[in-house]
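S.K.: what's the 3D shape of this:
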Amino acid sequence: MRTSLGSIMALSLALVATPALAEEEEAKAITVNGTATLVSDYRFRGISQTDKDFAVQGSITVTHKSGLYASVWGSSVDDYIAAGGDQEIDLIAGFKKTFGSTTVDVGGIYYYYPGAEKIIPGYNSDFLELYGSVAQGFGPVTAKLAVNYAPKSSALAYLPSGAKEDNLYGNLSVSGSFSGFGLSAGVGRTFTRSFLSGGIKYTDWSLGATYTTGPVTFGLSYVDTSAPRIPSPSGKDIYKGGIVGSIGVSF
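M.R.: Below you'll find the predicted structure:
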């Protein structure tokens, strides 16, 4: 009788524990990460998006163990970016997989500028961009080649002529991490003329360094472009080189 009772109790405990273990395994299959960052200037492919002023940025990313991920990233921007709107929100979905020391990443970004169409009724500021990259690790150093392509849309038209434009961008970068310190260098090229590039083709490059302690990362970089002087409405040359500082927290 004791043996039978013990067996029944053991079986009952196993049945109760099984769903809990399954839920724990499912929880491990999905991870959620976030960031909050303050930068002295938001540079997008070398061009200041904040008239060389500060920006507040944040993100949240959900990743599945299969390699699928979805992310929302946001930043404050100046009003010349999207018809007076002061926010950029990027909706991102992609797939990333590592094979040995090689990582492949593909996906799409939808750039959303809330409020722009309310300031100018009918104005189209939002667009989709597809991306792909291959990163190769060499010990603590990683080299990465990335290509971004935004299909033709009226949002990328440089002049309000109703014509649709596309945008092609490529970037080659090298980065390394050493005991909390990070170093990076990159060069990019905008191959097409669109609103995104200010209507020109140009090259951008950057050199940067970071220091991470716990969840906090401090950054300092120099960003520059080959573009001629193109002033913002305030008269600042938003393509001109400059030093960008940042402090961010990850969680």
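S.K.: report the beta-bridge partners for Asn171.
M.R.: Asn171 has the following beta-bridge partners by DSSP bridges: Ala146, Gly188.
S.K.: ok, it - contacts?
M.R.: Going by CB atoms under 8 Å, 6 or more residues apart in numbering, Asn171 touches Lys144, Leu145, Ala146, Val147, Asn148, Gly186, Val187, Gly188, Arg189. No exception for glycine: its C-beta is placed from N, CA and C like everyone else's.
S.K.: out of these, the closest to Ser75 would be?
M.R.: For these, the closest approach to Ser75 (CB to CB) belongs to Asn148, at 17.1 Å.
S.K.: which of the three states applies to Glu117?
M.R.: The three-state label given to Glu117 by DSSP: H, G, I helix; E, B strand; the rest coil is helix.
S.K.: what separation is there between the closest residue to it other than its chain neighbours and Ala29?
M.R.: Distances taken as CB to CB, 6 or more residues apart in numbering place Tyr123 nearest to Glu117, at 5.2 Å, with adjacent residues excluded. Applying CB to CB, to the nearest Å, the value for Tyr123 to Ala29 is 42 Å.
S.K.: what score does the most centrally placed residue in the chain have for pLDDT?
M.R.: For the chain, the residue nearest the mean C-alpha position is Trp73 (6.7 Å; CA atoms, centre = their mean). Trp73 is assigned 98 on the pLDDT scale.
S.K.: verify the contact between it and Gln87 for me.
M.R.: No. Trp73 is not in contact with Gln87 according to CB atoms under 8 Å; the separation is 11.4 Å.
S.K.: ok so, going back, need the contacts of Asn171 in a markdown table (columns: distance to Asp166 and pLDDT).
M.R.: Below are those laid out as a markdown table (distance: CB to CB, whole Å; pLDDT from 0 to 100):
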| residue | distance to Asp166 | pLDDT |
| --- | --- | --- |
| Lys144 | 23 | 98 |
| Leu145 | 20 | 98 |
| Ala146 | 17 | 98 |
| Val147 | 13 | 98 |
| Asn148 | 11 | 98 |
| Gly186 | 23 | 98 |
| Val187 | 22 | 98 |
| Gly188 | 17 | 98 |
| Arg189 | 15 | 98 |
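S.K.: what's the closest of the residues you listed to Asn33?
M.R.: Closest approach between the contacts of Asn171 and Asn33, by CB to CB: Lys144, at 19.8 Å.
S.K.: ok, and for whichever strand or helix holds that closest one, which residues are buried?
M.R.: Lys144 is part of strand 141-153 when elements are defined by DSSP states H and E. For strand 141-153, the neighbour count (16 or more other CB atoms under 10 Å) marks Thr142, Lys144, Ala146, Asn148, Tyr149, Ala150, Ser153 as buried.
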